[in-house]
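In: Predicted structure and sequence below. I'll ask about it afterward.
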Amino acid sequence: MRRLLVLSLFASTAFAQDTPVPQMFKAMQGQKGRYQVEILEGGGRVGAGSKVTLCTDNLMRSPAAGRPRAESGCKHRLLKDTVDEAVMESACKERTSTVTMKRESANSVHMAISSTGARGPQEMKLRYTHLGPCREGEGTVSFDKDSEQCRKIRERAAKMDPAKQCARDKGDRGTCEQRVRDAAGQLSAMCS
């Protein structure tokens, strides 16, 4: 699950204020919406062969609209920048990553991520394919409802008991329970 958050966060860097936007993304601006993200190699717990749907509309809607974004502490630079290929380097305190993106077709981009840091070297290869507009109410990240990931997500959401999880909350118990119900709902929405 953590790896999927990394995928969606990486995709959102295309829209971050402190990140250079490759020509390749500028040429694809009309293609916001749903993307199938296929993990070709790497992927940690999610694993190669897994597919995730990413709604980029949600990435562009900042919950803190109107507020300036906090500095990431990372330095980003484009090493190669054409309409068909881009190589971006992100150097952060704990990790340095190089991302190579190549356009495969009008609707598809191949991405290779190579990073080094405290956990050692990591490699990942992905394919982003544009599927069309996001569906009404679709979350940022979603899985095929019949996938193994969704089975595990449904099990986890079913075990979320607001009364039990908020039993020790000394503050507003009703607010705590609502947050737990909302979290369970967000998990379930990933598999709709």
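Out: Sure thing, it's come through.

In: so residue 91 makes contact with residue 73?
Out: No - with contact defined as Cβ atoms under 8 Å, residue 91 does not reach residue 73; the gap is 9.9 Å. Where you see a C-beta, it was placed from the backbone N, CA and C, and this is true even at glycine.

In: Can you give me the domain boundaries for this protein?
Out: Per automatic domain parsing, the structural domains of the chain span 2-143, 145-192.

In: Need the CA coordinates for stretch 74-82. CSV is fine.
Out: Coordinates of the C-alpha atoms in stretch 74-82 are reproduced here as CSV (Å, rounded to 0.1, in the frame of the first residue of the first chain):
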residue,chain,number,x,y,z
CYS,A,74,14.2,18.1,-2.5
LYS,A,75,16.0,19.5,-5.5
HIS,A,76,14.6,18.5,-8.9
ARG,A,77,16.2,18.9,-12.3
LEU,A,78,15.6,17.7,-15.8
LEU,A,79,18.5,15.8,-17.3
LYS,A,80,16.7,15.3,-20.6
ASP,A,81,13.6,17.0,-21.9
THR,A,82,11.9,16.3,-25.2
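
In: Return the distance of the residue lying farthest from the centre of the chain relative to residue 176.
Out: Of all residues in the chain, residue 170 sits farthest from the chain's C-alpha centroid, using Cα atoms, centre = their mean; the distance is 33.7 Å. Distance of residue 170 to residue 176, computed by Cβ to Cβ, to the nearest Å: 10 Å.
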